[in-house]
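Colleague: Here is my input; please provide its structure:
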Amino acid sequence: MHITGQLDNGEGQHVYFQAYNGEGPKDSALIGADGSFDITTVNRSLDFYRFYIDPTGQPVVLILDSTQQAVRITGDAQDLLATYEVSGSPDSEYMRDFFFSAQSFRQRMDSSDRIMMGISPDMDPMIKLGLNQGKQRLKEEYVEVMKQKALDHLDSPASLSIISSVDPREAMPEYEKVATAMESLIPESPFLKSMKKNMEQARLAIKQQEEQAKRLAHLNPGRPAPEIALNDPEGKEVKLSDLRGKYVLIDFWASWCGPCRRENPNVVKLYDRYRNKNFEILSVSLDSKKDRWVQAIEKDGLDWYHVSDLAKWNSVAARDYGVSSIPFTVLVDPDGNIIQTKLRGKSLEQKLEEILGA
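Modeller: Numbering: from 1, shown residues only. Modelled structure (predicted):
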């Protein structure tokens with residue numbers, strides 16, 4: 001097999017060709033004054049290979065088999081990934097199409113992220129919501145495009161790379177079809193084995209999500225929030241129903257919970273902004289030691305309602321709300337019905353802006 005080509009601005013550099021996993025011989029050639037090169041290598045079995053300039057260069061991914069005799073690569077040696085063209089290998093051409101499609105989506109997503117980062121805190125909440133929805137639609141479009149590309153190339157190992165760019169939890173049927181097709185094409189490939197491992201992990205995650213969804217069905221939006229009736233640090237009983245008529249954020253946390261403590265400054269900021277806009281917080285601690293609970297409240301400046309039965313994970317409220325990890329939040333409307341769960345950070349800020357204004 002000959003891998004030849006023309007790489008502008010590459011005179012005197014070496015090009016390399018090797019199995020993508022680094023196994024087997026590494027063939028090389030010197031780029032001539034006119035940019036040409038010629039790598040002569042033995043024909044190998046159908047698999048992923050990498051072609052790159054000098055040891056530190058990012059590789060172009062090729063898919064070659066023992067039937068191909070001549071593959072040609074052209075481009076600019078100074079920016080090979082962004083400029084390369086390949087011919088003589090349909091599978092490698094599929095990979096190039098996938099790479100450039102994915103790169104285009106990434107650029108659009110990066111542009112969306114830059115816009116979101118530049119948003120003013122005073123911007124209309126509805127404009128923010130629209131920008132978020134636009135970004136979500138872009139992500140969904142990417143998933144659908146890549147799923148279809150993978151199905152269009154089930155006769156090529158390229159479909160494995162294409163579908164692997166998508167979370168298997170969002171494309172399990174497509175993953176199954178690709179895996180079945182690859183069993184015939186590249187049954188011993190470590191990339192296929194890795195994909196199957198990811199599929200098994202995704203199946204487990206999906207099962208856990210389904211089980212949790214069943215446990216938390218009573219927390220779906222619009223359902224009445226279960227009553228909470230626990231004592232505050234002074235021993236006085238506080239009920240969730242006592243706060244009827246206000247928007248209430250139920251915040252499950254603990255003094256020993258690092259992520260909870262790191263989230264507290266954000267919650268304090270939001271409470272200061274909305275406490276006079278019919279908004280209240282009821283923090284439910286999963287502590288077991290009262291002194292540590294109280295110290296954390298004071299240290300973090302949490303100036304709102306606090307309750308606990310000091311039973312840690314055996315807390316009655318945690319059981320009623322199906323809490324399996326913290327921080328865990330539930331936003332409740334003035335009628336005592338659930339608006340949304342698991343709000344924190346930016347998502348919590350955006351939801352409160354949507355409901356209560358900037």
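
Colleague: Phi, psi for A77 please.
Modeller: Note on A77: its backbone torsions stand at phi -60, psi -30 [degrees, to the nearest 10].

Colleague: Oh, that last question was meant for P187, not what I typed.
Modeller: Dihedral angles of P187 (phi, psi; degrees, to the nearest 10) stand at phi -60, psi -30.

Colleague: so how far is the lowest-mean-pLDDT helix or strand in the chain from its chain's centroid?
Modeller: The helix or strand of the chain with the poorest confidence is helix 125-152; it has a mean of 87 (mean pLDDT, DSSP states H and E). With C-alpha atoms, centre = their mean, to the nearest Å as the basis, helix 125-152 stands 13 Å off its chain's centre.

Colleague: what do you get for stretch 197-205?
Modeller: Using C-alpha atoms, centre = their mean, the mean C-alpha position of stretch 197-205 is found 15 Å from that of the whole chain.

Colleague: before we move on, the earlier item: counting by contacts, list what the least confident helix or strand of the chain packs against.
Modeller: helix 90-117, helix 158-164, helix 172-185, helix 345-356 (3 or more C-beta pairs under 8 Å, 6 or more residues apart in numbering; DSSP states H and E). The way it works is simple: take the backbone N, C-alpha and C, and place the C-beta from them, glycine included.

Colleague: Output the ones you listed in JSON lines; the columns should cover mean neighbour count, distance to V61 and mean pLDDT.
Modeller: Listed next are the helices and strands packed on helix 125-152 as JSON lines, based on neighbours: other C-beta atoms under 10 Å; distance: least, C-beta to C-beta, whole Å; pLDDT from 0 to 100:
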{"stretch": "helix 90-117", "mean neighbour count": "15", "distance to V61": "5", "mean pLDDT": "89"}
{"stretch": "helix 158-164", "mean neighbour count": "25", "distance to V61": "7", "mean pLDDT": "97"}
{"stretch": "helix 172-185", "mean neighbour count": "17", "distance to V61": "16", "mean pLDDT": "96"}
{"stretch": "helix 345-356", "mean neighbour count": "16", "distance to V61": "35", "mean pLDDT": "91"}
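
Colleague: Number of residues surrounding K299?
Modeller: By other C-beta atoms under 10 Å, 11 other residues sit near K299.

Colleague: element containing it, please.
Modeller: For K299, the host element (DSSP states H and E) is helix 290-300.

Colleague: Which other helices and strands does that helix contact?
Modeller: Applying 3+ C-beta pairs under 8 Å, 6+ apart, one finds that helix 290-300 contacts helix 258-274.

Colleague: If you count neighbours, what's buried in the helix it packs on?
Modeller: By neighbour count on 16 or more other C-beta atoms under 10 Å, the buried set for helix 258-274 is 260-261, 263-264, 267-268, 270-271, 273-274.

Colleague: and what of stretch 41-59?
Modeller: Under the neighbour-count criterion of 16+ other C-beta under 10 Å, stretch 41-59 has 41, 44, 46-53, 57, 59 buried.

Colleague: swap in stretch 143-150?
Modeller: Buried residues in stretch 143-150, defined by neighbour count with 16+ other C-beta under 10 Å: 143, 145-147, 149-150.

Colleague: can you list the residues that contact it?
Modeller: Stretch 143-150 is contacted by residues 97-98, 101-102, 105, 159, 162-163, 165-167, 170-171, 174, 177-178 when judged by C-beta atoms under 8 Å, 6 or more residues apart in numbering.
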